[in-house]
Each structure stands twice: as C-alpha cells, then as structure tokens.
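>>> Task: produce atomic coordinates for the following.
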Amino acid sequence: MNNVNFWFGRIEARVKTPNFAGAWPAVWTLSDYAVTGWPDGGEIDILERQGDNPNGPWMNNDTLFQHFHTKNRVWNNNNAWANNVNTPDADSRFITVWVEIVQGPTPKLIFGHDNITDWTITMPSNDWRDWPLTPENSHNLKLNLAIGGIWPSPIDPNFASGDYEIDYVRYLQWADAPVDRKITVVSGPGGTVSGAESGTYGVGTELTMRAVPLAGMRFSHWEGTGTGGNSAVARLENPRRHVVM
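Below is the predicted model:
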C-alpha cells in the first residue's frame, strides 16, 4: 500500500488463492501501535484461507475466514470476532474481498466478498480494549502467503510450488465533509492534565497535552469522546501529541 495508513474507509483486494496442504494466504491489516504488543492495536483479517485440509469439509481453500482481534477478543482466548463463508473454486477464479471501517456515531466493521456483504461488527464499547480503531491508532495493509504454521494442515510432502495471484489492491475513502470536534480536557484522580483547553477544534488541529501523575501513580492511557463524528479511545505515551481527525 506504499506505506498508506488508515483508520477508516474501504480496503479491498482481488485475489486468487492457492490450494495445497499447508497453504495459508491472507489479506489483513495490522496496527502501527506496538508499544505493548499484539493484539492491543487490533488486527482485521479480511481474508484467511487454508489449503486442502483433510480435517473437515469446511477447512479447505473454498472457505473464506474473516476475523477481528482486539485486546479483549483474540483467537488464543477462543473469543475473537470470527466468521466464515463458502466461496467455491477459490483456487481457479479471482474473488474480491473487502472490509469497510465505518466511523461516525455508530462505528462498525462491514466484511464482504465480491458484491456480497457477509457480516457486520458494531462497536460494543468505546474501551480501546474492545475497539482500538481510532485516529491515533492507524492500520496498514498486509498480503502474504505462509506455508505451514500453527493453523493450516501439515505441508504436503510432495509440495513443489504454488501461486498466490493478486490482481489489485485498493483503498477508498468516503468524501464526507470535515466535522469540527468538541474536546473536553479533564484530569483523572491520580494527576493533572495541562497544555490544552476544552473547546471546539477544527479537523487537523494539533493539540499537545501533558499528563502528570501524582507520586506513586503511573500514567495509563488517554480516553475521550468526540462529538459530530468519531468516538476515540487512545493509549498514549506521556506526553504524546493528539491530532484531531
């Protein structure tokens, strides 16, 4: 994606995936936020597939897996957001897979393939552990083909080669008019906040706020809500520049 970062919009890719035992193709996004490690910043799996897997009729290259991992919902806790869709003959035809990251009054993720909407996740809360998709936590797109690993079936001992064909990748933004944001700056019970005043700020305005914990306290994260657009929860190093989006 030429180092394009995003936190809203539509991401789509038209791909043809290989079908051999051990194949693990993926189209996915990952957060730039890596202070405390995965999956705190979130992971969106637009497409994951397994190659020819003898473990069951649904675990093969025709099955399109879609996931959303967060701090509170992740695969190794067996509670990640997850969906699967049957897409026959996936190794012999191109399929367009996509996700729409919708912000605004009701943030959501909409997953689909071709012209079909498969499922929707609506933000359960504005806790970053449930919904880390914020302006301060942008994502970037990844396409890769793993061979073997902890999820697909064992690699075919006769495997020689396989092709993961990518026709195109697109990132689309909606042409909504910018909306000003109202920001209320408050101090928590364990310290003080300085450097910015409560008020309404235009899109793109940069604010610098400093959180100073009291003795014996430790800075955790910023929290906040925006009116007229996105709700945001961001964990920030102290201090950290906050950009109104």
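>>> Worst mean pLDDT across the helices and strands of the chain, which element?
Using mean pLDDT, DSSP states H and E, strand 232-234 stands out as the lowest-scoring helix or strand of the chain, at a mean of 32.
>>> what stretches of the chain score poorly on pLDDT?
Where the chain drops to pLDDT under 70, the residues are 1-3, 33-36, 53-60, 152, 175-182, 186-189, 203-204, 219-245.
>>> same thing but at 80, please
Across the chain, the ranges flagged by pLDDT under 80 are 1-4, 32-37, 51-61, 75-78, 104, 136, 149-154, 156, 174-245.
>>> Quick check: beta-bridge partners of A13?
V97, V169 (DSSP bridges).
>>> Would you mind measuring from it to V74?
To V74, A13 is 24 Å away according to CB to CB, to the nearest Å. For glycine as for every other residue, the C-beta is placed from the backbone atoms N, C-alpha and C.
>>> Over to I101?
For I101 relative to V74 (CB to CB), the value is 19 Å.
>>> Next, the contact list for the residue nearest to Y164 when sequence neighbours are not counted, please.
The shortest distance from Y164 to any non-neighbouring residue, by CB to CB, 6 or more residues apart in numbering, is to L145 (4.2 Å). Going by CB atoms under 8 Å, 6 or more residues apart in numbering, L145 touches 18, 23-26, 162, 164.
>>> and after the helix or strand harbouring I46, which helix or strand comes next?
Element membership of I46, judged by DSSP states H and E, is strand 43-48. Going down the chain from strand 43-48, the next helix or strand is strand 63-69, by DSSP H and E.
>>> Could I get the buried residue list for stretch 69-88?
69-75, 80-82, 84-85, 87 (16 or more other CB atoms under 10 Å).
>>> so how far is it from its chain's centroid?
Distance of stretch 69-88 from the chain centroid (CA atoms, centre = their mean, to the nearest Å) equals 12 Å.
>>> CA-only coordinates of that stretch in PDB, if you can.
Below are the C-alpha coordinates for stretch 69-88, written out as PDB (Å, rounded to 0.1, in the frame of the first residue of the first chain):
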ATOM      1  CA  HIS A  69      -8.800  -9.400  17.000                       C
ATOM      2  CA  THR A  70      -8.600  -6.900  20.000                       C
ATOM      3  CA  LYS A  71      -7.200  -6.900  23.400                       C
ATOM      4  CA  ASN A  72     -10.400  -8.300  24.900                       C
ATOM      5  CA  ARG A  73     -11.300 -10.600  22.000                       C
ATOM      6  CA  VAL A  74      -8.500 -12.700  20.500                       C
ATOM      7  CA  TRP A  75      -8.000 -16.100  18.900                       C
ATOM      8  CA  ASN A  76      -5.900 -17.600  21.700                       C
ATOM      9  CA  ASN A  77      -8.600 -16.800  24.100                       C
ATOM     10  CA  ASN A  78     -11.100 -18.500  21.700                       C
ATOM     11  CA  ASN A  79     -13.300 -15.400  21.700                       C
ATOM     12  CA  ALA A  80     -12.100 -13.400  18.600                       C
ATOM     13  CA  TRP A  81     -14.800 -12.000  16.300                       C
ATOM     14  CA  ALA A  82     -14.900 -14.600  13.600                       C
ATOM     15  CA  ASN A  83     -16.900 -15.600  10.500                       C
ATOM     16  CA  ASN A  84     -16.500 -18.000   7.600                       C
ATOM     17  CA  VAL A  85     -18.100 -18.100   4.200                       C
ATOM     18  CA  ASN A  86     -18.100 -20.700   1.500                       C
ATOM     19  CA  THR A  87     -16.600 -19.400  -1.800                       C
ATOM     20  CA  PRO A  88     -16.400 -22.400  -4.200                       C
END
